[in-house]
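# Attaching a predicted model along with its sequence, questions to come.
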Amino acid sequence: MMYQIAKKVQAEAFEMRVVFAEVMEELQAADGRVIYMDCDLMNSIGMADYWKKHPEKTINCGIQESNMIGVAAGLSATGLIPFTHTFGTFASRRVMDQVFVSAAYAKLNIRMIGSDPGVTAALNGGTHMPLEDIGMMRCIPEITIMEPTDSVMLADVLKQTKDIFGVFYIRLSRKKADNIYEKGSTFTIGKAVPIRNGKDVTIFATGIEVAEALKAADMLKEQGIEAAVSNIFTIKPIDETAIVEAAKKTGAIVTAENHNIVNGLGSAVAEVIAENQPCPLVRVGVKDHFGEVGTVDYLKEAFGLTAKDIVVAAKKAVNKKG
């Protein structure tokens, strides 16, 4: 893992789906076993041109998400490497039996992309807003769950998955992300990425909440609280070592996630510290609500996912240290 933090956190010049399509093109050029599969959302994820260029290596399954995973499992059993995509709601809720039995239990080799996680579903509304997909997938044995933070991380970890056998679930925002890392950075799947040092509290964040955590750390510094920030982009297997070390060093932890606090990142971190190094923990995330229609900024405010919410949580965690 060799990474460099961006000098300024700001919206990237291009959307994540553009990078996704570019990486898939690279993977296809490098390995003819790569198969791309979709459920009638190729325009949404930026893969329409790829489909035209590689019709023999692309399968549009139509709006048949469960069937897509079953077909992907069959392709994997023949030695191919399927990458599947649909919206995160359909990539989780509609396919659980197929993922569990046909893919994971059968010990096959599939990468499942679930796009528009959490509030990034925005105007698609509550029915299309996956706030529970991590929780559902965490229950599946031996699965790897990741949420790349920006296009730099997406490009690196997506390339890595081609040569790692197993079942992956990757949460992916289709639109512009805030750049956290400089181009050329590399990462280790399963390892947290420290971004900022601090002695009073550690903020573990994932996805769009990483940028909010960095803003919160700046706000906390003005109030005399030094907050460490770490990006846990791999939710399963989670980096237990990083969590235990943070609990020992700062004695207080905040988790921040674009997901229900039930069985998400916060729950995973709570399990680790409860068994290894108990300390105060405050979870920032959606408080067991269904999604709704709105812009991303509005929904962050409505569900308590802003930097201000992280600041409140951090101060609460610090105060609990006594």
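Noted; the coordinates are in hand.

# CA only for contacts and neighbour counts going forward, please
Fine.

# Residue 209 against residue 256, yeah?
Yes: assessed by CA atoms under 8 Å, residue 209 is found in contact with residue 256 at 5.9 Å.

# higher neighbour count, the two?
residue 256 (33 against 24; other CA atoms under 10 Å).

# hey, C-alpha coordinates of the helix or strand that contains the more buried one in PDB?
Under the criterion of DSSP states H and E, residue 256 resides in strand 253-260. Taking C-alpha atoms only, strand 253-260 is exported to PDB below (Å, rounded to 0.1, in the frame of the first residue of the first chain):
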ATOM      1  CA  ILE A 253     -14.100   6.000  18.300                       C
ATOM      2  CA  VAL A 254     -16.600   7.400  15.800                       C
ATOM      3  CA  THR A 255     -17.800   5.500  12.800                       C
ATOM      4  CA  ALA A 256     -19.300   7.400   9.800                       C
ATOM      5  CA  GLU A 257     -21.100   5.600   7.000                       C
ATOM      6  CA  ASN A 258     -23.600   6.200   4.200                       C
ATOM      7  CA  HIS A 259     -25.700   3.200   5.400                       C
ATOM      8  CA  ASN A 260     -28.000   2.200   8.200                       C
END
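
# From residue 169, how far off is the most centrally placed residue in the chain?
In the chain, the C-alpha nearest the mean C-alpha coordinate belongs to residue 147, at 1.6 Å (CA atoms, centre = their mean). To residue 169, residue 147 is 9 Å away according to CA to CA, to the nearest Å.

# what's the answer for residue 269, then?
19 Å.

# name the helices or strands packed onto whichever helix or strand comes after the strand holding residue 256?
As assigned by DSSP H and E, the chain's next helix or strand after strand 253-260 is helix 265-276. In terms of contacts (3 or more CA pairs under 8 Å, 6 or more residues apart in numbering; DSSP states H and E), helix 265-276 is packed against helix 240-250, strand 253-260, strand 281-286.

# One more pass at 10 Å, please.
helix 133-138, strand 201-205, strand 234-236, helix 240-250, strand 253-260, strand 281-286 (3 or more CA pairs under 10 Å, 6 or more residues apart in numbering; DSSP states H and E).

# isn't there a helix covering residue 194?
No: Residue 194 is assigned strand when assessed by DSSP: H, G, I helix; E, B strand; the rest coil, not a helix.

# Name the nearest residue to it, ignoring sequence neighbours.
Spatial nearest neighbour of residue 194, excluding adjacent residues (CA to CA, 6 or more residues apart in numbering): residue 230 at 4.3 Å.

# so who does the one you found touch?
By CA atoms under 10 Å, 6 or more residues apart in numbering, residue 230 lies in contact with 192-197, 202-206, 210, 213-214, 242-243, 246, 255.

# give me phi/psi at it?
Per-residue torsions, residue 230: phi -130, psi 140 (degrees, to the nearest 10).

# so it bridges to which residues?
Bridge pairing for residue 230 (DSSP bridges) gives the partners residue 194, residue 204.

# Can you give me the distance of it to residue 198?
For residue 230, the distance to residue 198 - CA to CA - is 10 Å.

# what touches both of the two?
The contact lists of residue 230 and residue 198 share residue 246, where a contact means CA under 10 Å, 6+ apart.

# just to revisit the earlier point, between strand 201-205 and the strand holding residue 256, find me the angle.
20 degrees (axes from the mean of the first three to the mean of the last three CA atoms, to 10 degrees).

# so residue 21 touches residue 83, yeah?
No: the pair residue 21 / residue 83 is not scored as a contact, 11.7 Å apart, by CA atoms under 10 Å.

# Look at those two and report which has more neighbours.
Neighbours per residue (other CA under 10 Å) separate residue 21 from residue 83, with residue 83 holding more: 22 against 19.

# Spell out which helix or strand contains that one, please.
Going by DSSP H and E, residue 83 is part of strand 81-87.

# distance of the residue nearest to residue 45 when sequence neighbours are not counted from residue 46?
Closest residue in space to residue 45, ignoring its immediate chain neighbours: residue 17 at 5.3 Å, by CA to CA, 6+ apart. Going from residue 17 to residue 46 by CA to CA gives 6 Å.
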